[in-house]
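Colleague: okay, structure incoming, though there's no sequence with it:
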């Protein structure tokens with residue numbers, strides 16, 4: 001696979017994630033869109049690392065995956081709190097959590 005194809009795949013994933021982020025109002029849809037965008041970034045890091053010949057991009061991708069996992073855990077905790085409180089996981093209801 002060439003570098004250009006990897007970058008096109010990454011750009012497509014990022015655009016799909018951005019579209020989902022802008023159009024979804026459900027919290028789980030937003031988390032999935034953010035995950036797609038993070039995976040597009042990881043593809044870029046790995047592709048540039050492979051074609052450059054070093055392993056720094058792979059190390060950064062591992063750190064990025066670890067950060068994404070913590071983001072998903074916190075996001076799912078918020079979704080669970082939203083669902084328990086309102087029986088709905090729309091993002092607009094999250095502002096009602098402020099006391």
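Modeller: That came through fine. Remember, predicted model here, so these are calculated numbers, not experimental data.
Colleague: look up how far residue 46 lies from residue 55.
Modeller: 10 Å (C-beta to C-beta, to the nearest Å). All C-beta atoms are positioned from the backbone trio N, CA, C, and that covers glycine.
Colleague: comparing the two, which shows the higher neighbour count?
Modeller: More crowded of residue 55 and residue 46, by other C-beta atoms under 10 Å: residue 46, with 17 against 11.
Colleague: what's the nearest residue to that one if we skip its chain neighbours?
Modeller: Nearest residue to residue 46 in three dimensions, chain neighbours excluded: residue 61, at 5.4 Å (C-beta to C-beta, 6 or more residues apart in numbering).
Colleague: tell me who's in contact with the one you found.
Modeller: The neighbours of residue 61, taking C-beta atoms under 8 Å, 6 or more residues apart in numbering as the test, are 42, 45, 46, 49.
Colleague: that one belongs to a helix?
Modeller: Yes. Counting by DSSP: H, G, I helix; E, B strand; the rest coil, residue 61 falls inside a helix.
Colleague: spatially central, which residue of the protein would that be?
Modeller: Centroid check for the chain by C-alpha atoms, centre = their mean gives residue 35 as the closest residue, at 2.1 Å.
Colleague: what's the helix or strand for that residue?
Modeller: helix 27-52 (DSSP states H and E).
Colleague: which other helices and strands contact that helix?
Modeller: helix 3-23, helix 56-86 (3 or more C-beta pairs under 8 Å, 6 or more residues apart in numbering; DSSP states H and E).
Colleague: need the ones you listed in JSON lines (columns: mean pLDDT and distance to residue 30).
Modeller: JSON lines is the format used below for the helices and strands packed on helix 27-52 (pLDDT from 0 to 100; distance: least, C-beta to C-beta, whole Å):
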{"stretch": "helix 3-23", "mean pLDDT": "95", "distance to residue 30": "6"}
{"stretch": "helix 56-86", "mean pLDDT": "89", "distance to residue 30": "8"}
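Colleague: could you report the pLDDT at the residue nearest to the centre of the chain?
Modeller: At residue 35, the pLDDT value in this model is 93.
Colleague: what of residue 89?
Modeller: Per-residue confidence (pLDDT) for residue 89: 71.
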